[in-house]
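K.L.:
Have a look at this prediction, sequence included:
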Amino acid sequence: MTAKLIMGTQVNEEILKEIEQEVASIKKERGVVPGLVTILVGENPASISYVTLKVKTANRVGFKEVQDNQPADISESALLALIDKYNKDDSINGILVQLPLPKHIDEKKVLNAIDPDKDVDGFHPVNVGRLMIGGSEVKFPPCTPAGIQELIVRSGVNTQGAEVVVVGRSNIVGKPIANMMLQKGRNANSTVTVVHTATKDLASHCLRADILIVAAGVPGLVKPEWIKPGACVIDVGVNRVGEKISEKTGKKVAILRGDVDFEAAKEIAGFITPVPGGVGPMTIAMLMKNTLNSLKFKLGIA
Ligand code: NAD
C-alpha cells in the first residue's frame, strides 16, 4: 500500500477533545454552555440510531442536550410551533430536525422555519447564501462538506491552487464542498471542477485531480486508472452492498462500500479515506463544532 490512510475516526476524536476543552473554558469564564435540541419525529430505526449518537456526543462534549421526540402523526403546524418555541429559547443555540420527516409534513417548510442563526445543519437558504459569499459571512457550513475539508487540511494536503474534482452535485455534499474549496483562504483557494451524470468523460476529469472528492452513491464507480498518482482521494460514498455477521456482536450488520475501488486505489493515491471510518465519523464532529460556534457568535467571541 502506498497511500496514507486518512482516518476520520481519529480526526473526529481530536475535534471532539478540542470542543470539550473549549466548552469547559467558556463555562468557567461565562457560565454558559452550548444548547442543542434534536427533534425526532416518529420511530424510523435509522433516524433513532443517528439521533442517539448525536445526543451521546453532545453530552460527552458538555453541551446542554434536549432530545425532543414527537409522534409520527404530529401535524405540520404543531411541528412548526415547536421550532418557533426553540427559536425563541435563549438556552438553545442549535436546532436539529432529523430527516426524513413523515410524508404529510413539508420538509422544506420545516427546515426554512429554523432561525438561520440556530441552523447548525447549514441547510437553511440563508446559510447556503452565506456559504456562497464565503469569508466571514459563513456561519454554519454543512456538516459533511465541513468534515471533508477538515480531513484534507488536517492531513497536510496543500489546497492552494490545487485541482479539485468533485464527483456529484447534490445540495448536501457535492455543491457545498465545491463551493467551499473554491473560496479564497488558507484551507481552500483551489481550482474546482464538478462532474455529474451528464459529464462526458468522467475518467479524464478525475485523472487531473490533485484532490478527488467522490460523492455519487455508486459503489466502486471510481476506478484506479482514474486516479492521478499521489492524489488525495476522499470517498464520501456509503453504499450497502450486502450483510454479514459481526464478529464482535454475532448480529447481522451491513457490508459497506465506498464509491472508490479502495483496494486498487490505495496503491496509486497519496492519501485516501476508507469506508467506513473515513468521512462518516466527521459529520457529527462538525455538527458539534457548528453548535459551539453558534454560542460563540452570540457571545461575540467567534
Ligand atoms: P445524491 O444521490 O443526492 O447525489 C449523487 C450525485 O452523484 C448526483 O449529483 C449525481 O449527478 C452524481 N452521480 C450519480 N451517479 C453518477 C455517475 N455514475 N457518474 C457521475 N456522477 C454521478 O447523493 P448524496 O446525498 O450527495 O450522497 C452521495 C453519497 O455520499 C451516498 O453514498 C451517501 O450515502 C454518502 N453520504 C455520506 C455522508 C457521510 O458519510 N456522513 C453524508 C452524506 C452522504
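P.N.:
Sure thing, it's come through. Residues are numbered from 1 along each chain as shown.
K.L.:
I'd say Thr159 and Ile213 touch.
P.N.:
No - between Thr159 and Ile213 there is no contact under Cβ atoms under 8 Å: 11.4 Å. C-beta coordinates here come from the backbone N, C-alpha and C atoms, glycine included.
K.L.:
so which strand or helix has the residue in the stretch 1-150 of the chain positioned nearest to the ligand?
P.N.:
Residue of the stretch 1-150 of the chain nearest the ligand, by Cβ to the nearest ligand atom: Thr144 (4.1 Å). Thr144 is part of helix 143-154 when elements are defined by DSSP states H and E.
K.L.:
Leaving out the residues flanking it, which one is nearest to Thr57?
P.N.:
Nearest non-adjacent residue to Thr57, counting by Cβ to Cβ, 6 or more residues apart in numbering: Ile284, 5.2 Å away.
K.L.:
so the one you found sits in a helix?
P.N.:
Yes - judged by DSSP: H, G, I helix; E, B strand; the rest coil, Ile284 forms part of a helix.
K.L.:
wait, it sits on Leu53?
P.N.:
Yes - if you go by Cβ under 8 Å, Ile284 and Leu53 touch, sitting 6.3 Å apart.
K.L.:
okay, these two: which has more neighbours?
P.N.:
Using other Cβ atoms under 10 Å, the more surrounded residue of Ile284 and Leu53 is Ile284, with 20 against 13.
K.L.:
who's in contact with the more buried one?
P.N.:
Going by Cβ atoms under 8 Å, 6 or more residues apart in numbering, Ile284 touches Asn12, Leu53, Lys54, Thr57, Cys143.
K.L.:
Please indicate which of the residues you listed are buried?
P.N.:
Asn12, Lys54, Thr57, Cys143 (16 or more other Cβ atoms under 10 Å).
K.L.:
could you pull out the helices for the stretch 51-200 of the chain?
P.N.:
Using DSSP state H, counting those that start in this stretch, the helices of the stretch 51-200 of the chain run over 76-88, 107-113, 125-133, 143-154, 174-182.
K.L.:
Can I get the longest helix anywhere in the chain in PDB? Just the C-alpha atoms.
P.N.:
Ranked by residue count and defined by DSSP state H, the top helix of the chain is helix 8-30. Coordinates of the C-alpha atoms in helix 8-30 are reproduced here as PDB (Å, rounded to 0.1, in the frame of the first residue of the first chain):
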ATOM      1  CA  GLY A   8     -12.000  10.100  10.200                       C
ATOM      2  CA  THR A   9     -12.400   8.100  13.400                       C
ATOM      3  CA  GLN A  10      -9.100   9.700  14.700                       C
ATOM      4  CA  VAL A  11      -9.700  13.200  13.500                       C
ATOM      5  CA  ASN A  12     -13.300  13.100  14.900                       C
ATOM      6  CA  GLU A  13     -11.800  12.300  18.300                       C
ATOM      7  CA  GLU A  14      -9.300  15.100  18.100                       C
ATOM      8  CA  ILE A  15     -12.000  17.600  17.200                       C
ATOM      9  CA  LEU A  16     -14.300  16.400  20.000                       C
ATOM     10  CA  LYS A  17     -11.500  16.800  22.500                       C
ATOM     11  CA  GLU A  18     -10.900  20.400  21.300                       C
ATOM     12  CA  ILE A  19     -14.600  21.200  21.600                       C
ATOM     13  CA  GLU A  20     -14.800  19.600  25.000                       C
ATOM     14  CA  GLN A  21     -11.900  21.800  26.300                       C
ATOM     15  CA  GLU A  22     -13.400  25.000  24.700                       C
ATOM     16  CA  VAL A  23     -16.900  24.200  26.200                       C
ATOM     17  CA  ALA A  24     -15.300  23.800  29.600                       C
ATOM     18  CA  SER A  25     -13.400  27.100  29.400                       C
ATOM     19  CA  ILE A  26     -16.500  29.100  28.200                       C
ATOM     20  CA  LYS A  27     -18.500  27.500  31.000                       C
ATOM     21  CA  LYS A  28     -15.800  28.600  33.500                       C
ATOM     22  CA  GLU A  29     -15.500  32.100  32.200                       C
ATOM     23  CA  ARG A  30     -19.000  32.900  31.100                       C
END
